[in-house]
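K.L.:
The sequence and its predicted three-dimensional model are supplied below.
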Amino acid sequence: MSELLFWFMTAMTIGSALIVVLHSNLFYSALALVVTLFGVAAFYVFLWADFLAGVQVLIYIGGILILILFGIMLTNKISSVNISHSNFHQGIAAVIVMGIFSILGWMILKTPWLHIVQQEPSQTVGRIGRLLMTEYLLPFEVASVLLLSALIGAAMLSRKAN
């Protein structure tokens, strides 16, 4: 059952990624990007990286992609111009992508993979949370203060001079 779910998620992620690239409406491309990023989060779950799956959903989908959608909707209302993008040079890009995929496929087939039976880890989020709140608390707080100062600096730079 898990293998069937894996292949369903793979097809859904690849299909929505194709919609992101090939659709002419920017808003629909952004909505398809939501599905693509959820598929990537599902792959993290399949890899037993539950912390990365949560970070994927919180940061990329919950933060960045919602910001992109708001930006698209707000700029569409300001100028009342249909926001769409056209795909120039699709043929050249398709040839380059097929070349890269063929090189990657050749490398995957020629690599002698090491097969080790692993036990499923119980949980990773608890250990990471304990480390972030005990041993690595100071670097975590320094990074948060640095990000806050960058946000304040960006807000100050974006203000109009009086």
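P.N.:
Everything's here; your move.
K.L.:
The residue nearest the centre of the chain: which element?
P.N.:
By Cα atoms, centre = their mean, the chain has its centre lying nearest to residue 37, at 4.8 Å. Here residue 37 sits within helix 26-46, counting by DSSP states H and E.
K.L.:
likewise residue 122?
P.N.:
With DSSP H and E as criterion, residue 122 is part of no helix or strand.
K.L.:
what's the neighbour count on it?
P.N.:
8 (other Cβ atoms under 10 Å). In short, each C-beta sits where N, CA and C put it, glycine included.
K.L.:
Okay, now stretch 72-88: how far is its last residue from its first?
P.N.:
End-to-end distance of stretch 72-88 (Cα to Cα, to the nearest Å): 21 Å.
K.L.:
Give me the mean pLDDT for it.
P.N.:
Throughout stretch 72-88, pLDDT has a mean value of 61.
K.L.:
that older thread, now find how far off-centre the helix holding residue 37 is within its chain.
P.N.:
7 Å (Cα atoms, centre = their mean, to the nearest Å).
K.L.:
Can you name the element that comes right after the worst-scoring helix or strand of the chain on mean pLDDT?
P.N.:
Between all helices and strands in the chain, the lowest mean by mean pLDDT, DSSP states H and E belongs to helix 66-79, at a mean of 71. Using DSSP H and E, the helix or strand that follows helix 66-79 towards the C-terminus is helix 90-110.
K.L.:
tell me which residues in whichever helix or strand comes after that following helix are buried?
P.N.:
The C-terminal neighbour of helix 90-110 among helices and strands, as given by DSSP H and E, is helix 125-133. Of the residues in helix 125-133, none is buried by neighbour count under the rule 16 or more other Cβ atoms under 10 Å.
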